[in-house]
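Colleague: starting from these lines, generate the structure:
(chains A and B)
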Amino acid sequence: MNVQASVTQAGAREVVLSAEDLHTWFELKRWGMLRIGHVRAVDGVDFALERGETVAFVGESGCGKSSLARTLLGLHKPTRGRVIFEGQDLGALDAAGWRAHRARVGYVQQDPYGALAPFMDVRRILAEPLIVNGVNDAAERDRRIRAALEEVRLLPVEEFLGKFPHMLSGGQQQRVVIARALILAPTLVIADEPVSMLDASVRVEILRLLRDLQRARNLTLAFITHDLSTVRYFAERIFVMYAGRIIEQASVDALLDTPLHPYTRALLAAIPDPDPDNATHYKEIPGGEPPSLLSPPPGCRFHPRCPVAIAGRCEREDPPETTLADGHRVACWLHVGGEGA
Amino acid sequence: MSALADGLVQLRRYPSAVAGIAIIAALLAVAAWAVIAIPYGSALELWRGGAQWQQHPVNARPAWVNWFRASSLPATQRVASDPATVEVEEYPGARRLVIPIELDYDHREFPSELNVFVDAAYLELEPFLRMTWHTPDGRAIPLGGRRVSRDERISISQDLALERRLGALPHVALFADPAVEGRPRALPGRYRLEIEAVVFEPESTLGATLVSYGRVHGLAGTDHQRRDLLVALLWGTPVALAFGLIAAVGTTLTTLFIAAAGVWFGGWLDAFIQRITEVNMILPVLPILVMVGTLYSTSIWLMLGVVVAFGIFSASIKMYRAMLLPIREAPYIEAARAYGVGNTRMILRYMIPRILPVLIPGFVTLIPSFVFLEASLAVLGLGDPELPTWGKVMNDAQSESALYHGYYYWVVGPAVLLMLTGLGFAMLGFALDRIFNPRLRMI
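Modeller: Here you go, the predicted structure:
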């Protein structure tokens, strides 16, 4: 199944996970009790992920991508809004329901060495999720551990079972992390910058492995990154986040060919391009920094940096999300009513 | 636990660690041997009972002092009468027995005491006896006569009439060499005690044992109550090691768990633990222990309980908390939460094992500090009333002014054992510190 084919089938696919008006705020306290405000890490996000789809959340550091991932995993409680996973509202789950949910969602972290307990060997690392999720038969665990290691191509399996994380290379560590994320046979895998801490030489291998696994198991893969250049070869849809919100979502081709939001354009312009002519050009990139999530600017959150901001409108009113052709959605005053595109 | 296993293998490379392990192994062997050879009940009896004490001299030095002396000090000699050598003469209504007891004495120093233990069998009429002391140079000194009952100790040394008659302490006068002028010296040779007894019943028998108490006894000497100090030194070893180990394990494990629980749950629980710790840190533990010992009980197990109770919320909680706080935020903990690890498992299997290797050296050096605490309490008079411990021996030595009287061995024995304990664990602990905290190796 290639990417093109899956896109054409997109309409028929079942929704695995959807977020509705999702907010995750962190309370800021002084002296342990006085509330002095909130960090609005995720501030009103709507999207839906379909089965077997690979999506990418992109945005610069501090835009709320990781907080969103943790909220989907159940590590943070949403302040407002709902997450619906396989038809079930996560807010309504009891303890047993949460355990079942956690088995259905895999998590691949950014720093593979930190993600592995240094005092456990590979066998133990992979056994832990099984033990915690009620696989009590040791032979069954052993079988699944070996199968998982084979799947991430840590071969021969025997050689890796007894190794501790510090004996493995970065790529091998990340393969163990991926094996751990897959060992409970999840339907959704959230990968938070899975290759950003790896050597450039290993990145492609890990990305290919993730893509192969996603295809083999028909996984829904949510891929969080700040690196648009890897996304192009990997994801079907892209969500661009800025200051806790999704400002633009579209299929990869649509977004990369016709970016609508000024921020997306800026992001794309910032991708390094190995063209010698660049030495003589100067790229137009908006200055400034992402806004404080404690007190985001009124109106459109990008307006202080936006080169094409509409005075009198962008700094006052929040732009509504506009849906254009082919499910291309953007939150920008320039595109309200389909004008401007 | 690879870090742990690796570290323990590395110990071979440190001579001090090997020496420390050897000392600890020796102490453990002594402790095991003491518990097996002298069971708890008989240890208590040897230390607190009375029967055996009569056979020991008072304040005798250890036997090894003779290695450093020109004239050797005598050890205790016991000679029992031999029924085969008894002469019997029949009279109407009575029998006359002549019982010889021969003592080979080859020291120039005097014994510390001379006693005769008489074992008489009769129904109603008590036997009568008269004793004569024959010296190797042929003098015969009458020791007087008396009636005796069934188990009687005739203390020749404490016979004041005899002392007046001889003009010196009996056990000195009876052994003195008449040829020596000035300071008296004992005359070596074969002494004979002749007991002339008259028994009045046909079934009556009479036996006797002559005990010449020595001035040296065993490996450790005796104290003012004739107790063999070796019993206390041997039995003090398992008591000290058990106290140190239980206290160290008890405080370290509970402290670690409480610190980890506080860090993991955070919030009011963490704040509560911190406040309790801060209050506990300023409480003076030693005066409280003295108070408990004075007002309630000085049982060693109660003391152990109080020590552990006060040790739980100690300053180590602050240290463990500081070490655990960054671990709580580690990505592997987040991953574990994502696959559903519960609170207890998280604390026991994910947080505590992470800092365990770093804590092992501190744990090893903590053991002797509790041993010392127990000894200090005993020296302060708060030792266990029943068990023989090193601290109790030192407490007795102090209250009997041992050093003023020159009984240095009374203090040296327990002190050397305490120092060996400290040394052994310290050498092992410092080596472990270098292995598990590699940054120290630079220094």
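
Colleague: ok, which stretches of the stretch 1-150 of chain A are strands?
Modeller: Counting by DSSP state E, counting those that start in this stretch, the stretch 1-150 of chain A has strands at residues A:15-30, A:34-50, A:54-58, A:80-85, A:88-89, A:105-108.

Colleague: need the ones you listed in TSV with mean pLDDT and distance to B:Ser204, can you?
Modeller: C-betas here are computed from N, CA, C, even on glycine. Converted to TSV, the strands of the stretch 1-150 of chain A look like this (pLDDT from 0 to 100; distance: least, C-beta to C-beta, whole Å):
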stretch	mean pLDDT	distance to B:Ser204
strand A:15-30	82	98
strand A:34-50	81	100
strand A:54-58	89	111
strand A:80-85	86	104
strand A:88-89	83	103
strand A:105-108	90	98
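
Colleague: dump these into a markdown table; add mean neighbour count as well.
Modeller: Formatted as a markdown table, these follow (neighbours: other C-beta atoms under 10 Å in any protein chain shown):
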| stretch | mean neighbour count |
| --- | --- |
| strand A:15-30 | 17 |
| strand A:34-50 | 18 |
| strand A:54-58 | 25 |
| strand A:80-85 | 17 |
| strand A:88-89 | 13 |
| strand A:105-108 | 26 |
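
Colleague: which of the ones you listed sits closest to chain B?
Modeller: For chain B, the closest of the strands of the stretch 1-150 of chain A is strand A:105-108, at 4.2 Å, according to C-beta to the nearest C-beta.

Colleague: tell me which element the residue nearest the centre of chain B falls in.
Modeller: The residue lying closest to the centre of chain B (C-alpha atoms, centre = their mean) is B:Ala232, at 1.7 Å. If you go by DSSP states H and E, B:Ala232 is part of helix B:229-265.

Colleague: is chain A contacted by that helix?
Modeller: No: using C-beta under 8 Å from any C-beta of the partner chain, helix B:229-265 never reaches chain A; the gap is at least 14.3 Å.

Colleague: next, the buried residues of that helix.
Modeller: Applying a neighbour-count criterion of 16 or more other C-beta atoms under 10 Å in any protein chain shown, one finds B:229-244, B:246-248, B:250-252, B:254-264 buried in helix B:229-265.

Colleague: and stretch A:87-100, by the same measure?
Modeller: Buried residues in stretch A:87-100 (16+ other C-beta under 10 Å): A:Leu90, A:Arg99.

Colleague: do stretch B:334-351 as well
Modeller: B:334-341, B:346-347, B:349-351.

Colleague: can you list which of these are found in strands?
Modeller: Nothing among those maps onto strands, per DSSP state E.

Colleague: is it true that A:Arg211 touches A:Thr54?
Modeller: Yes: taking contacts as C-beta atoms under 8 Å, A:Arg211 lies within contact range of A:Thr54: 7.4 Å.

Colleague: common neighbours of these two, please.
Modeller: Each of A:Phe234 lies in contact with both A:Arg211 and A:Thr54 under the rule C-beta atoms under 8 Å, 6 or more residues apart in numbering or on different chains.

Colleague: please name the residues that touch the residue most central in space within chain A.
Modeller: In chain A, the centroid-proximal residue (C-alpha atoms, centre = their mean) is A:Ile224; its distance is 2.9 Å. A:Ile224 makes contact with A:Ala56, A:Phe57, A:Lys65, A:Ser66, A:Leu68, A:Ala69, A:Ile190, A:Ala191, A:Asp192, A:Glu193, according to C-beta under 8 Å, 6+ apart.

Colleague: okay, among these, which ones form the most distant pair?
Modeller: A:Ala56 and A:Ser66 (13.8 Å; C-beta to C-beta).

Colleague: show me the contacts for the residue nearest to the centre of chain B.
Modeller: Here B:Ala232 is in contact with B:Trp47, B:Ala220, B:Pro388, B:Thr389, B:Trp390, B:Lys392, B:Val393, B:Pro414 (C-beta under 8 Å, 6+ apart).

Colleague: as CSV, the residues you listed with secondary structure and pLDDT would be great.
Modeller: Converted to CSV, those look like this (DSSP: H, G, I helix; E, B strand; the rest coil; pLDDT from 0 to 100):
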residue, secondary structure, pLDDT
B:Trp47, helix, 81
B:Ala220, coil, 87
B:Pro388, coil, 86
B:Thr389, coil, 89
B:Trp390, helix, 91
B:Lys392, helix, 89
B:Val393, helix, 91
B:Pro414, helix, 92
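
Colleague: report how many residues lie close to A:Gly287.
Modeller: By other C-beta atoms under 10 Å in any protein chain shown, the residues close to A:Gly287 number 7.

Colleague: what are the ranges of the strands in the stretch 201-341 of chain A?
Modeller: A:220-225, A:237-242, A:245-251, A:321-323, A:329-331.

Colleague: so which of these is nearest B:Ile101?
Modeller: For B:Ile101, the closest of these is strand A:220-225, at 101.2 Å, according to C-beta to C-beta.

Colleague: if I look at the residue of the stretch 151-300 of chain A found nearest chain B, how far off is B:Asn437?
Modeller: Residue nearest to chain B within the stretch 151-300 of chain A: A:Phe164 (5.3 Å; C-beta to the nearest C-beta). For A:Phe164, the distance to B:Asn437 equals 19 Å [C-beta to C-beta, to the nearest Å].

Colleague: higher neighbour count, those two?
Modeller: Using other C-beta under 10 Å, the more surrounded residue of A:Phe164 and B:Asn437 is A:Phe164, with 18 against 13.

Colleague: show the pLDDT at the more buried one.
Modeller: Looking at A:Phe164, its pLDDT stands at 87.

Colleague: for it, what are its contacts?
Modeller: A:Phe164 is in contact with A:Pro118, A:Phe119, A:Met120, A:Asp121, A:Val122, B:Ser2, counting by C-beta under 8 Å, 6+ apart.

Colleague: nearest residue to B:Val239 other than its sequence neighbours?
Modeller: B:Thr389 (5.1 Å; C-beta to C-beta, 6 or more residues apart in numbering or on different chains).

Colleague: I figured B:Val88 hits B:Leu97, correct?
Modeller: Yes: with contact defined as C-beta under 8 Å, B:Val88 and B:Leu97 form a contacting pair (5.8 Å).

Colleague: scan chain A for its longest helix.
Modeller: helix A:200-217 (DSSP state H).

Colleague: what does it contact?
Modeller: Helix A:200-217 is contacted from outside by A:1, A:52, A:54, A:108, A:151-153, A:169-171, A:174-175, A:178, A:182, A:185, A:189, A:191, A:194-195, A:198, A:219, A:221, A:223, A:230, A:233-234, using C-beta under 8 Å, 6+ apart.

Colleague: I am finished for the moment; much appreciated.
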